[in-house]
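Undergrad: okay, sequence plus prediction incoming.
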Amino acid sequence: MPRPRKQKKICEMPKVEAFSPTGAEMQDDIVTMSVEEYEAVRLIDYDGLTQEECAEVMDVARSTIQRIYMDARKKLADCIVDGKKLSIRGGHYTICTAKSDRTYCRGCNKYRNRRGGPPEHN
């Protein structure tokens, strides 16, 4: 029996769920990126986190983030180079539930409902 898939934690759903190129050579093919692939790209490329920090935010192993991130970048390159449409949907994830009195979530800059108190400020 295969090992059950662990749900990845994401901070929020994408604001835009699809992108489409313009131009004469546009393909009709659609590349589908999962929500957790989008989240890995957002945390690493947009927010500037390391893969290790991203893994901590999404509550998975760094090797898992490395695989997810590489898959996402391959899909983005396919869309840009071949002029394909991009759709962001699906995956195996849970959305971060932020609470003002719990552990800080670096991914969404909010406090997340987990064991322990707020982070110490230096």
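TA: Sure thing, it's come through. Residues are numbered from 1 along each chain as shown.

Undergrad: where's the residue lying closest to Thr94 once chain neighbours are set aside relative to Ile95, distance?
TA: Among residues not flanking Thr94 along the chain, Gln7 sits closest, at 4.8 Å (CB to CB, 6 or more residues apart in numbering). In short, each C-beta sits where N, CA and C put it, glycine included. Separation of Gln7 from Ile95 (CB to CB, to the nearest Å): 10 Å.

Undergrad: what residues are shared contacts of these two?
TA: Here Gln7 and Ile95 share no contacting residue, scored by CB atoms under 8 Å, 6 or more residues apart in numbering.

Undergrad: circling back to that earlier point, which phi and psi does the residue nearest to Thr94 have?
TA: Main-chain dihedrals, Gln7, degrees, to the nearest 10: phi -70, psi 130.

Undergrad: ok, how many other residues are close to it?
TA: 14 (other CB atoms under 10 Å).

Undergrad: got the contact list for it?
TA: Counted by CB under 8 Å, 6+ apart, Gln7 has contacts His92, Tyr93, Thr94.

Undergrad: what distance do you get for it to Cys54?
TA: Taking CB to CB, one finds Gln7 at 16 Å from Cys54.

Undergrad: tell me which residues in the longest helix along the chain are buried?
TA: Longest helix in the chain, counting residues (DSSP state H): helix 62-82. For helix 62-82, the neighbour count (16 or more other CB atoms under 10 Å) marks Thr64, Ile65, Ile68, Tyr69, Ala72, Lys75, Leu76, Cys79 as buried.

Undergrad: many thanks, we can stop here.
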